[in-house]
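>>> Let's see this in three dimensions:
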Amino acid sequence: MALTKSDIVAKVHELGFTKKKAVDTVESLLEIIKSTLTQGDDVLVSGFGKFCVKNKKQRRGRNPATGSDLILRERKVVTFKCSGKLRDRINR
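Numbers count the residues shown, from 1 in each chain. Here you go, the predicted structure:
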């Protein structure tokens with residue numbers, strides 16, 4: 001089961017924030033992350049992980065439905081690398 005934004009808001013609300021304040025806080029945090037990544041900068045959350053913007057070069061691809069070859073354009077993608085602490089906690 002995936003953790004949704006509304007689940008995160010509910011968890012923040014349980015910490016004693018009003019529902020509106022919890023929504024505003026989560027939305028603000030996500031907006032800061034999005035704007036930072038849009039500028040091409042990385043987002044490092046200590047103890048959690050690092051979101052990075054990577055450049056992908058143009059390459060040949062294949063349409064799985066038709067099997068025809070096509071060229072995939074140059075683009076940017078966001079990657080995530082978890083911290084060692086998080087990795088250790090997951091693998092306990």
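>>> C-alpha from now on. contacts and neighbour counts both.
Noted.
>>> can I see the domain layout of this protein?
In terms of domains, the chain is parsed into 1-39, 42-92 (source: automatic domain parsing).
>>> and the longest helix for this protein?
With secondary structure taken from DSSP state H, the chain has its longest helix at helix 19-38.
>>> strand partners of the helix or strand hosting Arg60, parallel vs antiparallel please.
Using DSSP states H and E, the element containing Arg60 is strand 59-62. If you go by DSSP bridges, strand 59-62 pairs up with strand 69-72 (antiparallel).
>>> roughly how far out does the partner strand sit from the chain middle?
Per C-alpha atoms, centre = their mean, to the nearest Å, the displacement of strand 69-72 from the mean C-alpha position of its chain is 27 Å.
>>> Kindly report the same for stretch 23-33.
Between the centre of stretch 23-33 and the centre of its chain there are 13 Å (C-alpha atoms, centre = their mean).
>>> Buried residues, the strand holding Arg60. List them.
Within strand 59-62, no residue is scored as buried using 16 or more other C-alpha atoms under 10 Å.
>>> Need phi/psi at Cys82.
Dihedral pair for Cys82: phi -80, psi 160, per degrees, to the nearest 10.
>>> tally of neighbours for Ile33?
Counted with other C-alpha atoms under 10 Å, residues neighbouring Ile33 total 16.
>>> and the closest residue to it other than its chain neighbours, bridged to which residues?
Using C-alpha to C-alpha, 6 or more residues apart in numbering and skipping residues adjacent in sequence, the residue nearest Ile33 is Val43, 6.8 Å away. For Val43, the beta-bridge partners under DSSP bridges are Phe51.
>>> Val43: neighbouring residues, count only.
Residues within reach of Val43, counting by other C-alpha under 10 Å, total 17.
>>> now Phe80
When neighbours are counted by other C-alpha under 10 Å, Phe80 registers 13.
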